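[1] Build the 3D model from these lines:
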Amino acid sequence: FDFIKSKLSLNIQFTESARDNFINSMLGQFNDFHNRKNSNSNVFSEFDMSKAAESIIMQNITNLEETSIPEFQQTIADKMGRKSQKTLDYQLSSYELWPDVLPVLQELKSKGYLLAIASNSIQPEKHERLIEELGLGEFISCVAISGRIGKRKPDPTIVEDIAKELGISKDQTVIVGDMLDRDIMCGNLARIRSVWLNIDSKSRAQNIKAIKSRCLPTETIVGLSQLPETLDYMQSTPFPNQIKVGYYIHKPKKKFEIASKKMFISNAQIHYKNIDLWAPVELQGQFDVIVHKATDLMFPKDKQDERAFENLKQYLESHPQTAMIDPFESLYLTKNREAFIQSFKKFKLKEFNIKVRTPKVYTPENTEFPCFIKAVEASEIKGAHSMGIVLTPEGLQQAQKYFSNQVIIQEYVPHKSGVYKVYCVGRKSNYCVRPSCCLDRVQKDFVLFESSVPWAEELLLEPQEGVIDLQILENISAAITEATGLSIFGYDIVISERSGDYVVIDLNYFPKLK
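    Just a heads-up that it's a prediction; the model follows:
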């Protein structure tokens, strides 16, 4: 406690303002010291803030009259209690579980797994309350909070203590966590298996540093929903000749979606590993295939994004044998509506007597109404999902003012069967039907909307029941693959009620899963 005491005023007077200043200063120094420890994985010891505060108070009240000490202690304790309780209530109210946490814990418990929590915190009472208030208590057999046990991750003896309390061996133990230099290093030092939950970027700087120092997990997941099957896989014997697949997904929402669909779970044929492009890919493994959703990095927001994109390109350049799904040049066609339309040539499916094409593109001078107006850029920029249906020349002039980016004016294709959302992986295609807009209900010269948000109720046109032959979709998907080089993509189709043409509206790479 010498560090903390050196930062505090030792001249404590028996006044209310002095007590408040002392308490605020002490709590501030505790938090500062805790943050310093969190950036240093070599610190294995821990303290309980409440007990440390009591100790420091006792060492700093010797200048008071002996009769005043109990009163002073009680006053300090009351003030610290109220302050700590207020802070604790606020902190607890800011926590919520990911939607998959309780179902996954229930599944693991039903499979016979014993679950323990190991947490670094100088406020054990906070975490103990949190465990109960979030409904975790019924699933947890052991809780090891650093402020309570006097040591913190990555101290490997924590693993030994937990295993002993649970009555299991270290060989039966797996540590799962989101921080490489705490959770995974703890497992590595204890010589047990580990699973890295890489779902958000809040600890990215520390994780990059850990990767560079070769602190790597046994397995990786991007959402807790992948954990039960991953643990099952870890219990199997090693599989020779697996295909090594690295996959990169950036946004937490997309990661959660992928995990909930049980994607990228290793099996006898393929070993999947999530890669973090902000660290050198070379250090994370040797891959036969890399699957990525790197469209967010193709238009980088900062130097870190640029570095991440360069890391991926450098790995591919130095490993030409590694296949990539999908090529960068193909991705540009999903980001630029004009480029895709120019690359896609209309064709006829003779066996079905169907014409397949993209919408006509107009200039402001030759526009036919009604029409669509959209941003040329289809993703990763502000306004990419903003669109408008325009009914008159005056409406077109007004609608253009709402777009800060370059726009494209497209044919509106009358249709009654809704919009078919088609999903394609390799040679396989499937679809769902989405409601469209009822033009008869549009009372203005134009109406703007966000394609990522459901239609307003008053404009909604519920689709008639429509079924598309999957063979037709697979033919169309094959044509798109040939034109773009893509193998994981989605696109929208409407069927013209006038001509029966199948009109491909928009193309998306690695689309939202339905």
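[2] now the residue most central in space within the chain: how far from T484?
    Closest residue to the average C-alpha location of the chain: P252 at 0.9 Å, with CA atoms, centre = their mean. Computed as CB to CB, to the nearest Å, the P252 to T484 distance reads 28 Å. For every residue, glycine as well, the C-beta is placed using N, CA and C.
[3] before we move on, what about I199?
    Distance from I199 to T484, counting by CB to CB: 30 Å.
[4] Equivalent analysis for F403, please.
    Counting by CB to CB, the gap from F403 to T484 is 25 Å.
[5] the more surrounded of the two?
    Taking other CB atoms under 10 Å, F403 and T484 do not tie; T484 has more neighbours (23 against 17).
[6] Would you check that that one makes contact with V504?
    No. Applying CB atoms under 8 Å, one finds T484 not in contact with V504, separated by 11.2 Å.
[7] shared neighbours of the two, anything?
    Common neighbours of T484 and V504, using CB atoms under 8 Å, 6 or more residues apart in numbering, are F344.
[8] Now do the nearest residue to L97 once chain neighbours are set aside: how many residues are near it, please.
    Counting by CB to CB, 6 or more residues apart in numbering, the nearest residue to L97 once its immediate chain neighbours are dropped is L134, at 5.6 Å. The tally of other residues near L134 (other CB under 10 Å) stands at 14.
[9] Quick check: phi and psi on L134?
    Main-chain dihedrals, L134, degrees, to the nearest 10: phi -90, psi 0.
[10] May I have the residues that are in contact with it?
    Per CB under 8 Å, 6+ apart, neighbours of L134: 95-97.
[11] Tell me how far it lies from G187.
    24 Å.
[12] Can you pull out the low-pLDDT segments for the stretch 401-514 of the chain?
    Confidence mapping of the stretch 401-514 of the chain against pLDDT under 70 gives the ranges 458, 463-465, 514.
[13] Now do the strands in it.
    407-411, 419-425, 428-434, 436-437, 446-450, 460-461, 488-495, 502-509 (DSSP state E, counting those that start in this stretch).
[14] The first one vs strand 502-509, what angle?
    By that I understand strand 407-411. 150 degrees (axes from the mean of the first three to the mean of the last three CA atoms, to 10 degrees).
[15] Pull up the pairing partners for strand 407-411, direction included.
    Counting by DSSP bridges, the strands paired with strand 407-411 are strand 361-362 (antiparallel), strand 371-375 (antiparallel).
[16] and if you look at the second one?
    Pairing partners of strand 419-425, with direction, according to DSSP bridges: strand 428-434 (antiparallel), strand 488-495 (antiparallel).
[17] Go through these and pick out the most buried.
    For the strands paired with strand 419-425, average neighbour numbers computed from mean count of other CB atoms under 10 Å are highest in strand 488-495, which has a mean of 22.
[18] got the CA positions of it in PDB?
    Output in PDB follows, covering the C-alpha atoms of strand 488-495 (Å, rounded to 0.1, in the frame of the first residue of the first chain):
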ATOM      1  CA  ILE A 488     -20.600 -16.300 -50.200                       C
ATOM      2  CA  PHE A 489     -23.100 -13.600 -51.100                       C
ATOM      3  CA  GLY A 490     -26.700 -12.600 -51.000                       C
ATOM      4  CA  TYR A 491     -28.900 -10.700 -53.500                       C
ATOM      5  CA  ASP A 492     -32.500  -9.500 -53.900                       C
ATOM      6  CA  ILE A 493     -34.700 -10.500 -56.700                       C
ATOM      7  CA  VAL A 494     -38.200  -9.300 -57.800                       C
ATOM      8  CA  ILE A 495     -40.300 -10.900 -60.500                       C
END
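[19] and it, how far from the chain's centre?
    Taking CA atoms, centre = their mean, to the nearest Å, one finds strand 488-495 lying 25 Å from the centre of the chain it belongs to.
[20] separation between the residue nearest to the centre of the chain and V413?
    36 Å.
[21] and if you look at K251?
    Relative to V413, K251 is positioned 31 Å away (CB to CB).
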